[in-house]
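Novice: fold the following.
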Amino acid sequence: MLKNFQAARAIAALCAAAFHLSISMALPRYGGNAAFYEITQYLGANRFFFVLSGFTIFLAHAKDIGQPAALGTFVYKRFTRLIPLYWLYTLIFSIIVWMGFGTDAKIPSNWLDWLTAITLIRFTPGAPPLTVAWTLFHELAFYAVFAVLIWNRRAGMALAAVTVALTLLFFHHPGAHDRTAWNVYTAAYNLYFLFGIGAWYLSRKAGNGVAETVLALILVAIAMPLKGLPHQLGYMILIAGFAFFLVGMAKLENSASFFAPALLVRIGNASYTLYLIHEQVQGLLLKVLMRSGLYGVLGAHLSYIVVFVGTVAIAYVVYLLVERPMVQWFRRRYEASAKPDPRFGVAA
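Specialist: Sure thing, here's the model as predicted:
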């Protein structure tokens with residue numbers, strides 16, 4: 001199911017990039033025309049990553065629950081996959097902003113905000129330099145709960161139950177300027193991981209995935225016009241659609257009924273880099289179009305397409321030059337130092 005799963009990651013990253021590009025182009029300095037916003041406003045792709053994460057972690061580590069010996073491996077793999085690349089891109093972007101580039105870009109102004117940005121643990125309401133990294137605070141919290149599950153199944157279940165209960169009790173969706181240490185860890189976004197876990201569970205059941213894929217499309221179609229429901233309940237339907245989409249894609253690949261296009265799989269491989277840097281790359285390309293006069297020649301919608309394709313292409317090149325070698329280096333380092341796993345008598 002890995003090819004179709006990578007394609008799902010590509011779709012999530014592409015949707016996030018598409019939505020944010022519409023938002024950026026609405027700014028007066030980029031033409032004041034939110035191209036394709038009537039479509040991209042419904043994508044909700046940032047939320048899809050939570051579903052993907054729930055699915056991913058259980059796919060890779062469900063067998064480790066209640067196995068304390070597996071905790072070190074889990075922490076190493078999750079840390080090296082999430083943090084070093086984020087730190088590197090944050091450092092590069094912060095230096096660029098510090099040098100005076102970036103119209104509205106900001107970096108933390110005090111050490112507590114920097115601590116929040118570096119650790120991805122919410123100590124202050126301050127935004128990280130890479131603003132899309134707000135999702136990573138939830139991601140890291142989910143990893144922490146799962147780590148407790150690995151260490152001790154009962155303790156992990158108790159912590160998960162308390163977290164879900166608090167999330168249901170408060171059920172809030174803090175905005176970009178409202179995030180605090182409290183409301184991030186009790187935000188309704190954290191429930192989306194459960195949809196991913198449920199998708200993983202259903203993907204193991206019999207079937208070719210056609211029914212789940214059709215149901216996913218129906219749920220997404222229903223959710224789009226319901227975006228304005230109170231408490232963002234429309235997004236819950238959208239998230240359910242995302243979850244069934246993952247189930248369908250997994251079963252379709254397992255039954256050899258459908259394999260995602262190779263291009264989409266490649267973009268999926270680069271999805272983390274694309275997600276982290278797409279806003280910065282889009283801003284750069286939009287500046288080029290505006291200052292060169294090409295925006296006036298092409299118009300808003302053609303400019304959108306040029307910037308969107310250019311962003312994906314640049315992100316993929318950065319993935320090849322930076323992310324992939326970094327991931328391979330950490331993998332080789334782990335394999336070289338891996339000790340036999342006492343549960344199986346082989347390397348972890």
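Novice: and the helix or strand hosting residue 88, what does it pack against?
Specialist: Here residue 88 sits within helix 71-98, counting by DSSP states H and E. Contact analysis of helix 71-98 by 3 or more C-beta pairs under 8 Å, 6 or more residues apart in numbering; DSSP states H and E lists helix 111-119, helix 134-151, helix 271-292, helix 324-337 as its packing neighbours. Every C-beta, even on glycine, is put in place using the N, C-alpha and C of the backbone.
Novice: looking at the ones you listed, which is nearest to residue 52?
Specialist: Evaluated over the helices and strands packed on helix 71-98, closeness to residue 52 peaks at helix 271-292, with 9.0 Å, by C-beta to C-beta.
Novice: and the direction of the closest one versus that of helix 324-337, what angle?
Specialist: Angle of helix 271-292 versus helix 324-337, following axes from the mean of the first three to the mean of the last three C-alpha atoms, to 10 degrees, is 160 degrees.
Novice: how far out from the middle of the chain is helix 271-292?
Specialist: 18 Å (C-alpha atoms, centre = their mean, to the nearest Å).
Novice: against which helices or strands is that helix packed?
Specialist: Applying 3+ C-beta pairs under 8 Å, 6+ apart, one finds that helix 271-292 contacts helix 2-25, helix 71-98, helix 294-318.
Novice: tabulate those (a markdown table), appending distance to residue 115.
Specialist: Converted to a markdown table, these look like this (distance: least, C-beta to C-beta, whole Å):
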| stretch | distance to residue 115 |
| --- | --- |
| helix 2-25 | 26 |
| helix 71-98 | 13 |
| helix 294-318 | 27 |
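Novice: most packed of those helices?
Specialist: helix 2-25 (a mean of 22; mean count of other C-beta atoms under 10 Å).
Novice: and that helix, what other elements does it pack with?
Specialist: Helix 2-25 sits against helix 37-40, helix 45-61, helix 233-254, helix 262-269, helix 271-292, helix 294-318, with contacts defined as 3+ C-beta pairs under 8 Å, 6+ apart.
Novice: at 6 Å instead, please
Specialist: helix 37-40, helix 45-61, helix 233-254, helix 262-269, helix 271-292 (3 or more C-beta pairs under 6 Å, 6 or more residues apart in numbering; DSSP states H and E).
Novice: in TSV: these, plus distance to residue 129.
Specialist: TSV is the format used below for the helices and strands packed on helix 2-25 (distance: least, C-beta to C-beta, whole Å):
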stretch	distance to residue 129
helix 37-40	24
helix 45-61	17
helix 233-254	27
helix 262-269	24
helix 271-292	10
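Novice: so which of those is nearest residue 90?
Specialist: That would be helix 271-292 among the helices and strands packed on helix 2-25, by C-beta to C-beta, at 8.6 Å.
Novice: ok, residues contacting that closest one?
Specialist: With contact meaning C-beta atoms under 6 Å, 6 or more residues apart in numbering, helix 271-292 is reached by 9-10, 13, 17, 20-21, 24, 30, 89, 93, 130, 295, 303, 307, 310-311, 314-315, 318-319, 323.
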